[in-house]
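Trainee: model this:
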Amino acid sequence: MADAETLDMLGREVSFEELAERFKGHDMRDWLLENRTLVDEEPRPRLIEGGLHVDHDLMTGDGPWVLVIDGDLVTSGDLVCTTDDYAVSTLFITGQLRARNIRFESSARVAVDGDVVASGVIVGSGGDSEASLGTSSTLIARAVVLDSHTAIWAKAGAPRSVPEAYRTLIVGGKGWQSFTPDVDVGEPSHHPRTFVPEVIHGGVLHTSKAWAHVQTGGGPFLPEVEQALRQKKGL
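Mentor: Prediction:
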C-alpha cells in the first residue's frame, strides 16, 4: 500500500490538545495521549468521526502514527496494524471493531471501547516492543494466536480483564494477568500435536506462518484439537 492508502492516513489531522479535550474523563485518555512522548518525533494524530465501514483489507503504515476512530471500524476484509521497530503507534476505537482476521505486531497498540469481533483469527506478536490489543467489552474470534511476549485484554465492563470476556480459544504465554491461555505457547514439544503443519516452522508455532495460513481461511489447530478445546471451554 502507498502511504495515501494506509489506514493511519485517513481522517483529518488533529492536535493532542483536541484529543485531550474530546476524551476528558475517559479512562483511556492518558494512554492515548502518552503516545506523544513514546517516540523521538511527536506523531501527528488523525481522527475519523462517525466510524469507518469498508469491504476490503486495511493496513497501517510504518509509524509512528496515532489514529482515533470515533465510532465503529468494520471491514469484511482483514485488519493489519503494524509498525517499524521503535515506532510506537496507537489506534483507539470508541465503537466496535469487526474484521475477518486481525493482525497486530511490532509497536502497534490497539484499544477498543466496544466489542472486538473477528470471524477468523487474531494474531499478535511483538509485545516486547509495545504491541497490544484490548477491549473494554468482549473479544470474540475463532482463535487468538500470540507469541510468549504479547498480551491481550478484555474487560466486559469490569475494571480489569475477566475470563468471561473472552469468547475464543487463546494460544499464548502463561504468567499474564489479563488472560489465561487455553494452549501454552511456551511448551513447544506439544506444538506438532496441537497445530496444523502450515503454522509450524522448525517444529514450533510461528506467528508469521500462522498469519499467512489464516488469510487463506484456515485455523491454527488440528481439527480434533480445536473441537476438544471448544467443548472444554463451552464455545
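Trainee: So what sits opposite the residue nearest in space to the middle of the chain in the bridge?
Mentor: What sits nearest the mean C-alpha location of the chain, by Cα atoms, centre = their mean, is Leu133, with 3.9 Å. Under DSSP bridges, the beta-bridge partners of Leu133 are Val110, Ile152.
Trainee: Isn't it up against Val116?
Mentor: Yes. Using Cβ atoms under 8 Å, Leu133 is in contact with Val116, at 7.2 Å. (Glycine included, C-beta is placed from N, CA and C.)
Trainee: who touches both of the two?
Mentor: Jointly contacting Leu133 and Val116 under the rule Cβ atoms under 8 Å, 6 or more residues apart in numbering are 102, 122.
Trainee: What segments of this protein are helices?
Mentor: According to DSSP state H, the chain carries its helices in the segments 16-22, 29-33, 191-194, 207-214, 223-233.
Trainee: Out of these, which is the most enclosed?
Mentor: helix 207-214 (a mean of 21; mean count of other Cβ atoms under 10 Å).
Trainee: Contacts for that helix next, please.
Mentor: Contact partners of helix 207-214, identified using Cβ under 8 Å, 6+ apart, comprise 101, 103, 105, 120-121, 123-125, 145-147, 196, 198-201, 220.
Trainee: coming back round to it: let's have the helices of the chain in CSV, adding distance to Ala158 and mean pLDDT.
Mentor: CSV is the format used below for those (distance: least, Cβ to Cβ, whole Å; pLDDT from 0 to 100):
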stretch, distance to Ala158, mean pLDDT
helix 16-22, 25, 97
helix 29-33, 17, 96
helix 191-194, 30, 97
helix 207-214, 28, 98
helix 223-233, 19, 97
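Trainee: Can you say which of the ones you listed is nearest to His56?
Mentor: Closest to His56 of those, according to Cβ to Cβ: helix 207-214, at 17.2 Å.
Trainee: about what we covered before: what does the pLDDT read for the residue nearest to the centre of the chain?
Mentor: Looking at Leu133, its pLDDT stands at 98.
Trainee: Repeat that for Glu5.
Mentor: Per the predicted model, pLDDT is 80 at Glu5.
Trainee: how near is it to Thr60?
Mentor: Note on Glu5: its distance to Thr60, by Cβ to Cβ, to the nearest Å, is 11 Å.
Trainee: For stretch 183-191, output the C-alpha coordinates as CSV.
Mentor: Presented in CSV, the C-alpha positions along stretch 183-191 are these (Å, rounded to 0.1, in the frame of the first residue of the first chain):
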residue,chain,number,x,y,z
VAL,A,183,-2.8,-23.6,24.9
ASP,A,184,0.6,-22.6,26.4
VAL,A,185,2.8,-21.4,23.6
GLY,A,186,5.8,-21.9,25.8
GLU,A,187,5.5,-25.7,25.6
PRO,A,188,6.9,-26.3,22.1
SER,A,189,7.1,-30.1,22.4
HIS,A,190,3.3,-30.1,22.2
HIS,A,191,3.1,-27.9,19.0
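Trainee: Centre of the chain to it, how far?
Mentor: Centroid separation for stretch 183-191 versus its chain: 21 Å, with Cα atoms, centre = their mean, to the nearest Å.
Trainee: All set now, cheers.
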